[in-house]
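>>> output the structure for:
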Amino acid sequence: MTLDLRLYALLDPAVSGGRTLDELAADVAGSVTLVQLRDKKSETRALVEQARALMAVLRPKGLPLLINDRVDVALAAKADGVHIGQQDMSPQDARALLGPKAIIGLSLRTLHHVRSAPLDILDYVAVGGIFGTTSKDSVAEPIGLAGLRELVRAIRARKAGCPICAIAGIDRSNAGAVVAAGVDGVAVISALSLAADPAQAARELRGIVDTALGERAAS
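Below is the predicted model:
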């Protein structure tokens with residue numbers, strides 16, 4: 001499937017607003033461009049079943065599903081790929097297991113991460129955390145827009161066309177500024193799942209991102 005990072009929805013049962021992940025996926029499927037299952041607590045079998053249920057919703061829409069961290073779950077469920085962090089399986093091992101067609105993304109937060117990332121085998125990178133967020137436990141200070149711009153420059157210096165999204169604390173109030181900093185899209189959790197109307201929130205965010213990308217291209 002084609003990788004499009006414009007509006008990347010992370011679905012997490014711990015941040016679901018009382019909805020099931022299947023319901024959330026169905027609500028936002030008309031506006032998001034990529035979906036990730038992020039579940040740090042469920043047992044393996046339940047994760048595989050949830051992944052398959054999400055794919056039943058997303059595949060008819062042409063939307064890829066990635067699994068956070070769990071390469072084994074991605075393999076078992078035949079998901080489209082994985083997103084891995086700095087402490088997870090190495091990108092090289094994930095690629096060896098999942099094959100050349102899988103989508104593999106990696107979290108980056110520092111210049112050291114950028115310099116050491118195997119960008120040649122990654123399909124995209126996610127830079128964050130940009131702003132403060134309650135969706136993930138973290139003691140690190142947000143890098144802000146200045147930090148984001150610095151990391152985007154460093155990534156593109158190594159690989160000019162590397163797809164980049166930004167994550168953490170992004171919502172309709174700041175998504176335009178985040179895209180203006182040079183990324184290809186935004187990854188969001190609470191801005192969709194905790195909204196009173198996730199479908200409407202997704203439409204609004206997608207519009208903001210598309211507008212900001214158009215303005216940047218025209219500048």
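
>>> in stretch 15-29, which residues are buried?
Neighbour-count burial for stretch 15-29, with 16 or more other Cβ atoms under 10 Å as criterion, is recorded at 15-16, 19, 21, 24-29. (Each C-beta comes from the backbone N, C-alpha and C, glycine too.)

>>> quick one: end-to-end length of that stretch, please.
18 Å (Cα to Cα, to the nearest Å).

>>> starting at the chain centroid, how far to that stretch?
16 Å (Cα atoms, centre = their mean, to the nearest Å).

>>> what are the contacting residues of it?
9, 11, 13, 35, 37, 50, 53-54, 57-58, 61, 63, 135, 189-190, 192-195, 198-199, 201-202 (Cβ atoms under 8 Å, 6 or more residues apart in numbering).

>>> and for stretch 82-97?
36, 38, 66-71, 74-75, 98, 102-107, 109, 113, 117-118, 121-122, 126.

>>> tell me the buried residues within those.
36, 38, 66-71, 74-75, 98, 102-107, 109, 113, 117, 122, 126.

>>> can you tell me which of the contacts of stretch 15-29 are buried?
Applying 16+ other Cβ under 10 Å to the contacts of stretch 15-29 flags 9, 11, 13, 35, 37, 50, 53-54, 57-58, 63, 135, 189-190, 192-195, 198-199, 201-202 as buried.

>>> the buried residues of stretch 15-29 in strands, which ones?
Within these, no residue falls in strands by DSSP state E.

>>> quick check, nearest of the residues you listed to residue 140?
residue 15 (19.0 Å; Cβ to Cβ).

>>> what residues are up against residue 80?
1, 64-66, 102-103.

>>> for the residue nearest to it when sequence neighbours are not counted, give me phi and psi.
Using Cβ to Cβ, 6 or more residues apart in numbering and skipping the chain neighbours, the partner closest in space to residue 80 is residue 64 (3.8 Å). Phi and psi for residue 64, reported as degrees, to the nearest 10, are phi -70, psi 150.
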